[in-house]
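In: take this sequence and fold it.
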Amino acid sequence: MVLSILKGARILATGSAVPDLSIKNEELSQIVNTSNEWIVNRTGIQERRILKNKEESIITLASSASIKALKNASMNPLDIDLIILATSSPNDLFGSAAQVQAKIGAKKAVAFDLTAACSGFVLSVITAAQFIQNGSYNNILVVGADVLSKWIDWSDRSTCILFGDGAGAVVIQSCSKEENGILGFQLNTNGKEAQQLSIPYKENDIDSKHSHLLHINQGRFQHLYMNGKEVYKFAVSQVPISILKCLTSLNILPENIQWLLLHQANERILHAVANRLSITSNKIISNLNKYGNTSAASIPIALDEALKDKKIKKDDIIVVSGFGAGLTWGTVVIQWKY
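Out: Predicted coordinates:
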């Protein structure tokens, strides 16, 4: 979809944060039947960062990334109008965005969570752009943060090798139509396949005394489950279609983009999507070898590092695509304006 706008919106600055603790593949091979070679060949991941103590949380990661983004934007937290926290692993089931708002001192900002797992950051950027481009807000902080280590079964080889914790943030600001940097988007959902990647809720087999007397059932959320083969097939088939639809709506050819920034799920997925679009591998932004799959945090962390490394230049066109649980997937095309 090409945006119909009253104002333009552009990403002003980025920031990211990851835990100090690094878990390398060799360490995982001590607890599950795997090896460094097997993990690298199947995923491209060499290590991942994990929260290690009670003093660290999704709030500390999200707040650290946010403060860095605000500093890079030379912006006071009091200038932020809205905070959108993309996460599927809040430390409070009612949401964590308000705690981030308090932690960074953005007391004038409205704050809410957006839950869409690995697609969450893309959906949040698009949501923020709508608020800015229709004139509602001027300065929005979008944070992608997840700590899926809290939901992993560390005896399950199919998932424990993949996920890491982290946070990334961007400041999106209103601008003139001519300087607009959020060019267009395309979004999709297929709820019939939700079971392929989920953290399911299960009712307890044995009711407590009180729940029995009240004739109600209670339960708890289970460990993260993923059907890896089905998720892989979904990603490599549907993500290129989404990207092509979005680029076509903007009259942009795949060969004319400068960067392809996909959710950092698996190196084989990144290259398979690029190949289907005839995009050369040197245009792929990737850092999953260091961090694994950080869900909603993966795209903003990779974007922040690419900017620190001075890969991205002014007016570069970046195709950003997220995909994951829901199943959800989508694309946003960005033109870098700094």
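In: domains in this protein, as residue ranges please.
Out: 8-179, 182-193+224-335 (automatic domain parsing).
In: span of the shortest one from start to end?
Out: For domain 182-193+224-335, the first and last residues are 7 Å from each other (Cα to Cα, to the nearest Å).
In: touching, Pro49 and Tyr291? I think so.
Out: Just so we're on the same page, residue 49 is Arg rather than Pro. Yes: between Arg49 and Tyr291 a contact is recorded at 5.9 Å, counting by Cβ atoms under 8 Å. Where you see a C-beta, it was placed from the backbone N, CA and C, and this is true even at glycine.
In: name the residues contacting each of these two.
Out: Shared contacts of Arg49 and Tyr291, defined by Cβ atoms under 8 Å, 6 or more residues apart in numbering, comprise 18, 164, 166.
In: hmm, back to that, higher neighbour count, Arg49 and Tyr291?
Out: Applying other Cβ atoms under 10 Å to Arg49 and Tyr291 shows that Tyr291 carries more neighbours, namely 26 against 22.
In: pretty sure that one sits against Ile301.
Out: Yes: in terms of Cβ under 8 Å, Tyr291 counts as a neighbour of Ile301; the distance is 6.5 Å.
In: lowest average confidence, helix or strand, in the protein?
Out: helix 209-213 (a mean of 63; mean pLDDT, DSSP states H and E).
In: next secondary structure after it?
Out: strand 219-221 (DSSP states H and E).
In: what pairs with that next one, and is each one parallel or antiparallel?
Out: Paired neighbours of strand 219-221 in the sheet (DSSP bridges): strand 201-203 (antiparallel).
In: please state the offset of the strand it pairs with from the chain centre?
Out: 26 Å (Cα atoms, centre = their mean, to the nearest Å).
In: how about stretch 282-292?
Out: Here stretch 282-292 is found 14 Å from its chain centre; the criterion is Cα atoms, centre = their mean.
In: nearest residue to Phe121 in space, ignoring adjacent ones along the chain?
Out: Nearest non-adjacent residue to Phe121, counting by Cβ to Cβ, 6 or more residues apart in numbering: Gly144, 3.7 Å away.
In: same question for Ile83.
Out: With Cβ to Cβ, 6+ apart as the criterion, Ile83 has its nearest non-adjacent residue at 4.1 Å, and that residue is Ala111.
In: please consider this matter closed, and thank you.
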